[in-house]
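A.B. asks: structure of the sequence below:
(2 chains)
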Amino acid sequence: MTAAATKPDSSGKLLESRIVQMMYNGDKQFLDLLYKEYGGIMYKITVGITKSQEAAEDVLQESLVKIWKNASRFDASKAKLLTWVVQIAKNTALDFVKSKANRNAQSTDTMADKPIVAAYGVSTQNEDHIGLHEVIKEKLDERDQRILTMLYFEGYTQKEVAERLDMPIGSVKTRIRMTVNQLRTYLKN
Amino acid sequence: MDYKELIESGKLELYALGALDLQDQKEIADLLATDKDLKAEYDAIADALGVYGQSVSEQPSMDILERAKAQIEAEENTTESTTTETTRVVAMNAGNTTTPMKWWAVAASVLLLISVGLNVKLNSDLKEVTNDYVALESQNQQMAANTVKFNESNIQTNKMIASLASGKMHRTYMGSTENNEGYESAVYWDKESSEVILATNNLPTLSENEQYQLWAIVDGKPVDAGVFDATDALATMKGISGEAVAFAVTIEPKGGSVNPTMEKMVMIGNVSS
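C.D. replies: Model prediction:
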């Protein structure tokens, strides 16, 4: 396993269509495949937002149940599974944080204050992608990576990212566009 | 249509990340459904983000998935006596909906699926199962006369069908009790998951203030499995755990009773081992 960029996993696309097909056919097993494919991303999001491993696990569990219940509502003509599961994980996590904040009399900035209990780091799961992560870390601008992480895994809105990083909201959009373009380029190689 | 500006704006990236507000989200979603070039661009973005996301995340424990499945199972097995909350398939009607990608076919196909699935899975019960559903299917007139009641959650219906077709359900035929005639149904029971599905065959309609109630005989005592109506062709009943040796149906006041009215028992069937 070298540090060179790895090819995009084309089997991932086949897996997505397979999962979607199973959902439409009412095949219960879709959840297992979905978990394998997106569980890591979902978990990273729930950890990133709740900042607690225990809460993250509960939120992930809740998200999976929601996915199950709402599978028939997924419209493949309007979104890919990634967007859908990311939204569910994020919203469930944000709801959790919000309700927790409501329960705690003093709720300050819950997202910034809580210590990160579970560290999310380099993947040990998918060997194909380890090299990719290193390349990206190396090649991408640090602030761009931060923007991506905040939007992807920490539940921040564009506005919040702009505020925290002290940049115009338009720049957040432009930077994320550039970052993903770079990702796409590396993945082609 | 040229969406160059939209594409350059980064909005598709934000959409892919679920980072747009509801209104923008809906706007983009609708556009994607109509423009295949735009969709292709979004697809490429989502794919790249997916691969990236996988490269920086760790697979969480299978424990969490198992807990989710247990929660799903538990929620499915909780059925109430009230008719509104139980999953039912009443009759067939071509549902007119414009939502793309419907999950389930109309009930006729559903019944066909069940009969096909069961035909494939069950061996010794093959003939009786086929007869059950042929009988049900041939009741076209009664079916057509009934209104369709689709549970809000389509996935519930689909799960019921999946259970029936899974081959894990044990079938108990219930016939009329002595001095009664024309009562016939089948109970499908998954001993492992406790799931119970009832398939009725053209039962006599009851008066306004009466309902049928299903009972399981466990340890010599009747256990309530829920109420149902003559119009319920298929229904998910309350879960039954433990060793049920028989299933029976009585006629009770609407809403059911705590204990069965023995004189009004109309169907019974023994659970074969």
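
A.B. asks: so where's the chain shaky on pLDDT?
C.D. replies: You didn't say which chain, so I picked chain A. Within chain A, the ranges that satisfy pLDDT under 70 run A:1-14, A:105-131.

A.B. asks: not quite, I wanted chain B
C.D. replies: Residues of chain B meeting the criterion pLDDT under 70: B:1, B:79-157, B:273.

A.B. asks: can you name the residues in contact with the helix or strand hosting B:Y173?
C.D. replies: Applying DSSP states H and E as the criterion places B:Y173 in strand B:170-176. For strand B:170-176, the external contacting residues (Cβ atoms under 8 Å, 6 or more residues apart in numbering or on different chains) are B:122, B:125, B:128-129, B:132, B:182-191, B:246-249, B:266-272. Using the backbone N, CA and C atoms, a C-beta is placed for each residue, glycine as well.

A.B. asks: quick check: next helix or strand after it?
C.D. replies: For strand B:170-176, the following helix or strand on the C-terminal side (DSSP H and E) is strand B:184-189.

A.B. asks: now the closest residue to chain A within the stretch 151-273 of chain B: which helix or strand?
C.D. replies: Going by Cβ to the nearest Cβ, chain A is nearest to B:N158 of the stretch 151-273 of chain B, at 3.7 Å. Using DSSP H and E, B:N158 sits within helix B:154-165.

A.B. asks: again with A:Q61
C.D. replies: Counting by DSSP H and E, A:Q61 is found in helix A:53-70.

A.B. asks: contacts for the helix or strand that contains A:S171 next, please.
C.D. replies: Taking DSSP H and E as the definition, A:S171 sits inside helix A:169-188. Applying Cβ under 8 Å, 6+ apart, the external contacts of helix A:169-188 come out as A:5, A:7-8, A:132, A:135-136, A:139-141, A:143-145, A:147-148, A:151, A:158-159, A:161-162, A:165, B:8-11, B:13-14, B:16-17, B:44-45, B:48-49, B:51-52.

A.B. asks: list the buried residues for that helix?
C.D. replies: For helix A:169-188, the neighbour count (16 or more other Cβ atoms under 10 Å in any protein chain shown) marks A:172-173, A:175-180, A:182-184, A:186-187 as buried.

A.B. asks: what's the answer for stretch A:18-31, then?
C.D. replies: A:I19, A:V20, A:M22, A:M23, A:Y24, A:G26, A:D27, A:K28, A:F30, A:L31.

A.B. asks: including secondary structure and distance to B:T236, could these go into JSON lines?
C.D. replies: JSON lines is the format used below for those (DSSP: H, G, I helix; E, B strand; the rest coil; distance: Cβ to Cβ, whole Å):
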{"residue": "A:I19", "secondary structure": "helix", "distance to B:T236": "26"}
{"residue": "A:V20", "secondary structure": "helix", "distance to B:T236": "26"}
{"residue": "A:M22", "secondary structure": "helix", "distance to B:T236": "22"}
{"residue": "A:M23", "secondary structure": "helix", "distance to B:T236": "21"}
{"residue": "A:Y24", "secondary structure": "helix", "distance to B:T236": "22"}
{"residue": "A:G26", "secondary structure": "coil", "distance to B:T236": "15"}
{"residue": "A:D27", "secondary structure": "coil", "distance to B:T236": "19"}
{"residue": "A:K28", "secondary structure": "coil", "distance to B:T236": "15"}
{"residue": "A:F30", "secondary structure": "helix", "distance to B:T236": "21"}
{"residue": "A:L31", "secondary structure": "helix", "distance to B:T236": "20"}
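
A.B. asks: what subset of those is also close to chain B?
C.D. replies: Among these, the residues that sit close to chain B (Cβ under 8 Å from any Cβ of the partner chain) are A:Y24, A:G26, A:D27, A:K28, A:L31.

A.B. asks: closest to B:N77 out of those?
C.D. replies: A:K28 (14.5 Å; Cβ to Cβ).

A.B. asks: that closest one touches B:K159, doesn't it?
C.D. replies: Yes - between A:K28 and B:K159 there is a contact under Cβ atoms under 8 Å: 7.2 Å.

A.B. asks: closest to chain B among the ones next to chain B among the buried residues of stretch A:18-31?
C.D. replies: After measuring those against chain B - Cβ to the nearest Cβ - the closest member comes out as A:G26, at 3.7 Å.

A.B. asks: could I get the full set of strands for chain B?
C.D. replies: In chain B, the strands defined using DSSP state E lie at B:88-89, B:170-176, B:184-189, B:196-200, B:210-218, B:221-228, B:234-236, B:244-253, B:265-270.

A.B. asks: in JSON lines, list those strands along with mean neighbour count and distance to A:Y35.
C.D. replies: Putting the strands of chain B into JSON lines (neighbours: other Cβ atoms under 10 Å in any protein chain shown; distance: least, Cβ to Cβ, whole Å) gives the following:
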{"stretch": "strand B:88-89", "mean neighbour count": "24", "distance to A:Y35": "29"}
{"stretch": "strand B:170-176", "mean neighbour count": "18", "distance to A:Y35": "30"}
{"stretch": "strand B:184-189", "mean neighbour count": "23", "distance to A:Y35": "29"}
{"stretch": "strand B:196-200", "mean neighbour count": "24", "distance to A:Y35": "27"}
{"stretch": "strand B:210-218", "mean neighbour count": "22", "distance to A:Y35": "34"}
{"stretch": "strand B:221-228", "mean neighbour count": "21", "distance to A:Y35": "32"}
{"stretch": "strand B:234-236", "mean neighbour count": "25", "distance to A:Y35": "26"}
{"stretch": "strand B:244-253", "mean neighbour count": "21", "distance to A:Y35": "34"}
{"stretch": "strand B:265-270", "mean neighbour count": "19", "distance to A:Y35": "40"}
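
A.B. asks: for those strands, give me JSON lines that also has distance to B:N77.
C.D. replies: Converted to JSON lines, the strands of chain B look like this (distance: least, Cβ to Cβ, whole Å):
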{"stretch": "strand B:88-89", "distance to B:N77": "16"}
{"stretch": "strand B:170-176", "distance to B:N77": "16"}
{"stretch": "strand B:184-189", "distance to B:N77": "12"}
{"stretch": "strand B:196-200", "distance to B:N77": "9"}
{"stretch": "strand B:210-218", "distance to B:N77": "14"}
{"stretch": "strand B:221-228", "distance to B:N77": "11"}
{"stretch": "strand B:234-236", "distance to B:N77": "9"}
{"stretch": "strand B:244-253", "distance to B:N77": "15"}
{"stretch": "strand B:265-270", "distance to B:N77": "22"}
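
A.B. asks: closest one to B:S57 among these?
C.D. replies: strand B:234-236 (37.1 Å).

A.B. asks: partners of that closest one in the sheet?
C.D. replies: Pairing partners of strand B:234-236, with direction, according to DSSP bridges: strand B:88-89 (antiparallel), strand B:196-200 (antiparallel).

A.B. asks: distance to B:G167 added to those strands, as JSON lines?
C.D. replies: JSON lines is the format used below for these (distance: least, Cβ to Cβ, whole Å):
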{"stretch": "strand B:88-89", "distance to B:G167": "19"}
{"stretch": "strand B:196-200", "distance to B:G167": "13"}
